[in-house]
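Asks: Build me a model:
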Amino acid sequence: MSLIRVFFIFTFILIAGTTFAQSSSELKRRKESLTREIEMLRKSQNKVVNNKRLSLRQINALNAQIRLRQEKISTINSEVRLLDNQISENSNNVRSLQSQLNRLKKEYAAMILFAFRNQSSYSKLMFIFASTDFNQAYKRLKYLQQFGDYRRKQANYIQQTQKDLGYKIVQLDHNKREKSTLLQDQEKEKITLGKEKSNQSVQLSKLSKQEKELRQELSQKQKESARLNRAIQNAISREIEAERRKAAALAAAAAKAAAAKGDDVVAKPVATGTKVLSATPESAKMTSDFTGNRGSLPWPVANGTIVERFGRHNIGNVSTENNGVNIQTNEGAGVRAIFAGTVTSVLNMGSSSAIIIRHGEYFTVYTNLRSVNVSKGQKVSVKQGIGTVASDPSDGSSDVHLEIWKGSTPMNPEAWLAN
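Replies: Numbering: from 1, shown residues only. This next block holds a predicted model:
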């Protein structure tokens, strides 16, 4: 086997090992994160297990727990597939290294036999002195030197190949043990998922018996949601009107200055609708920066899990519409801005407060706050604390509601938050 081929094999093994380590590490981090979220929801569910009255929040938390459990099983499946690929790859590498080692040993044995047969100094000298001229004698001398060097290199290659082979065999054994452990974990998670789904059926059965109470709860929730939506729309309308007036004033001032100089006045059209929110260079940059951070924005709480997702949902015979996401977190957790911007509104929602922050053409909304640390017109930085989450007095759960709007259109926050 040529030295170049040996080099490429070693390089491939190194690159493949590094790629596997990165992918495996990412999957493990995701699995650990899911485990923490599931545990937080489990503890929350344990607090309300004896509560006879079932709430939409409890059902949402249970559904979220099942969803996270399914995602964890899917993550384990990905780990198993990755390990299967690595086991196959390592098995191929072991066979390749074993074949390479056998070939190197045969070549080395042939060289040793040749050297043994020609080991006397007399034979070497005769080989050199039998040359027809000085140039041939020099080449034969160099050949003998190179042959010795090559023999030493081959011995080193054999040692290195044996070392790599031993390492790959150990790695292969580790992969197989890790796969066995993952399969055991997967089976445990499936059993737990089955129990959770059984519990879900029981709870949904209770839900049908409490439909009247749940509809009353939903009606109250819809009123609060409608009030929040009106407040958001009003805040956006005020911002649009303020920016429109500012743009119109700037255009009028520019036209007046041009007329004073005797220049021809060409009226620049003023942006209309929500586009006026990005009319100035500063707001345009803020809009661009916010858009550029799609999928990597920090969460509004340090620890939490989404218990109600964006859009329309059906729970039994009860239907709900969500313009954002509900994130369950620890009691009294601090709520933070997910991007730099300016506070446009601090709203009193009765038993809780809400904050609206503008980021150019975008707005972020934080609802169900027990306390507020910022005021209208204040500039905030990313991850700056803006308040603390409120807790439900009936079951002690703590959810922060997050919405993201582009102009007057609500967006799915899950697509914007970091995984």
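
Asks: So what's the predicted local confidence for V374?
Replies: V374 carries a pLDDT score of 96 in this model.

Asks: er, I112 I mean
Replies: Per the predicted model, pLDDT is 64 at I112.

Asks: For the stretch 301-419 of the chain, give me the ranges with low pLDDT.
Replies: Scanning the stretch 301-419 of the chain for pLDDT under 70 picks out the ranges 315-318, 395.

Asks: mind checking the SS state of V400?
Replies: strand (DSSP: H, G, I helix; E, B strand; the rest coil).

Asks: If you could redo that for Y167, that was the one I meant.
Replies: Classification of Y167 using three-state DSSP returns helix.

Asks: okay, it: pLDDT?
Replies: What the model reports as pLDDT for Y167 is 76.

Asks: Check the gap between it and V94 for me.
Replies: 10 Å (C-beta to C-beta, to the nearest Å). C-beta here means a position set from N, CA and C on the backbone, and glycine is covered the same way.

Asks: I169 now?
Replies: Plainly put, I169 is 6 Å away from V94 if you go by C-beta to C-beta.

Asks: which residues touch the residue nearest to S319 when sequence neighbours are not counted?
Replies: Nearest residue to S319, sequence neighbours excluded (C-beta to C-beta, 6 or more residues apart in numbering): R312, at 6.5 Å. With contact set as C-beta atoms under 8 Å, 6 or more residues apart in numbering, R312 has these partners: S319, T320, E321, N322.

Asks: Over to Q378?
Replies: By C-beta under 8 Å, 6+ apart, the residues touching Q378 are T342, V343.

Asks: quick one: which of the contacts of R312 has the most company?
Replies: Using other C-beta atoms under 10 Å as the neighbour criterion, N322 leads the contacts of R312 with 19 neighbours.

Asks: who does that one bridge with?
Replies: Here N322 shows beta-bridge partners G311, assigned using DSSP bridges.

Asks: Is it in contact with F310, as I believe?
Replies: Yes - contact criterion C-beta atoms under 8 Å: N322 and F310 qualify, at 5.8 Å.

Asks: Surely T320 is in a strand?
Replies: Yes - under three-state DSSP, T320 sits within a strand.

Asks: Need the three-state assignment for the closest residue in space to it that isn't next to it in sequence.
Replies: Using C-beta to C-beta, 6+ apart and skipping the chain neighbours, the partner closest in space to T320 is H313 (5.1 Å). State at H313, reduced to three classes by three-state DSSP: strand.

Asks: residues touching H313, list them.
Replies: Listed by C-beta under 8 Å, 6+ apart, the contact partners of H313 are S319, T320, E321, N322.

Asks: Check V343 too.
Replies: Counted by C-beta under 8 Å, 6+ apart, V343 has contacts I355, I356, I357, R358, V374, S375, K376, G377, Q378, K379, V380, I386.

Asks: For it, give the beta-bridge partners.
Replies: Note on V343: beta-bridge partners by DSSP bridges are I357.

Asks: quick one: it and L250, what's the gap?
Replies: Counting by C-beta to C-beta, the gap from V343 to L250 is 24 Å.

Asks: Quick check: the gap between K190 and M40.
Replies: Counting by C-beta to C-beta - K190 and M40 are separated by 21 Å.

Asks: Comparing the two, which residue is more hemmed in?
Replies: M40 (19 against 13).

Asks: and that one, that's in a helix?
Replies: Yes - M40: assigned to a helix according to three-state DSSP.

Asks: hang on, isn't it packed against E331?
Replies: No - using C-beta under 8 Å, M40 is not in contact with E331, being 11.1 Å away.

Asks: ok, which stretches of this structure are strands?
Replies: Ranges of strands within the chain are 304-308, 311-315, 318-322, 325-329, 334-336, 341-348, 353-359, 362-372, 379-380, 385-389, 398-406, 409-411, based on DSSP state E.

Asks: Find out how far the second one is from the centre of the chain, if you would.
Replies: If you compare the mean C-alpha spot of strand 311-315 with that of the full chain, they lie 25 Å apart, counting by C-alpha atoms, centre = their mean, to the nearest Å.

Asks: quick one, that strand and strand 304-308 angle?
Replies: Angle between the axes of strand 311-315 and strand 304-308 is 70 degrees (criterion: axes from the mean of the first three to the mean of the last three C-alpha atoms, to 10 degrees).

Asks: What about the contacts of V343, which one has the most neighbours?
Replies: The residue in these with the most neighbours, by other C-beta under 10 Å, is I356 (26 neighbours).

Asks: I240 - nearest residue in space that isn't next to it in sequence?
Replies: Nearest one to I240, counting by C-beta to C-beta, 6+ apart, is V276 at 5.7 Å.

Asks: What separation do you get for the one you found and A231?
Replies: Relative to A231, V276 is positioned 20 Å away (C-beta to C-beta).

Asks: Between the two, tell me which one has more neighbours.
Replies: Ranked by neighbour count (other C-beta under 10 Å), V276 and A231 place V276 first, with 23 against 18.

Asks: quick one, what contacts the more buried one?
Replies: Neighbouring residues of V276 by C-beta under 8 Å, 6+ apart: I240, E243, R244, A247, V270.
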